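*Asks:* Mind folding the following:
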Amino acid sequence: MSETNLKENEIKGRSLNELSKLCHSIAREKGFWDEKRNIGEALMLVVTELAEAMEAYRHQDDPHFNEEIADTFIRLLDLCGGLNIDIEDEIFKKAQRNKNRPYKHGKIC
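*Replies:* Sure, this is the predicted structure:
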């Protein structure tokens, strides 16, 4: 199988929705959406990437930490693409709600 590399301009400077489409297209190409996706499993794979990032952080392995954070975003963006979530709109709506919440969301700790 031939390998094709992404160009930097295919990633950098793109909107979240554009990245979502790209991440999802790569995941589809690699067979991750050949069958109906188990959403619970997909969410736990996001958690797994965060756990791997934590492990890299504990070992002070910055390159590996950065890679696992990227993996987390890739899995989330793929999921958004697969579920047709307009993540930019969802982040905007949630940020608006958060902006109007009290300091530390009213919690004392």
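
*Asks:* What distance do you get for the residue nearest the centre of the chain to residue 66?
*Replies:* Compute the mean C-alpha point of the chain, and by C-alpha atoms, centre = their mean the closest residue is residue 73, 2.2 Å away. Distance of residue 73 to residue 66, computed by C-beta to C-beta, to the nearest Å: 11 Å. Every residue, glycine included, has its C-beta placed from N, CA and C.

*Asks:* Show me where the chain dips below the pLDDT cut-off.
*Replies:* 1-3 (pLDDT under 70).

*Asks:* Sticking with residue 66, tell me its helix or strand.
*Replies:* Residue 66 is located in helix 62-82, with elements delineated by DSSP states H and E.

*Asks:* Other residues contacting that helix?
*Replies:* By C-beta atoms under 8 Å, 6 or more residues apart in numbering, the residues outside helix 62-82 that reach it are 16, 19-27, 32-33, 37, 39, 42-43, 45-46, 49-50, 52-53, 56-57, 85, 87.

*Asks:* Swap in 6 Å and give it another go.
*Replies:* Residues outside helix 62-82 that contact it (C-beta atoms under 6 Å, 6 or more residues apart in numbering) are 19-21, 23-24, 27, 33, 37, 42, 45-46, 49-50, 52-53, 56-57, 87.

*Asks:* Give the next helix or strand downstream of that helix.
*Replies:* helix 87-99.

*Asks:* What residues of the helix or strand in which residue 54 is found count as buried?
*Replies:* Taking DSSP H and E as the definition, one finds residue 54 inside helix 39-58. Residues of helix 39-58 classed as buried by neighbour count (16 or more other C-beta atoms under 10 Å): 42, 45-46, 49, 52-53, 56.

*Asks:* From the chain's centroid, how far away is it?
*Replies:* 11 Å (C-alpha atoms, centre = their mean, to the nearest Å).

*Asks:* contact partners of that helix?
*Replies:* Under C-beta under 6 Å, 6+ apart, the answer for helix 39-58 is 64-65, 68-69, 71-72, 75-76, 79.
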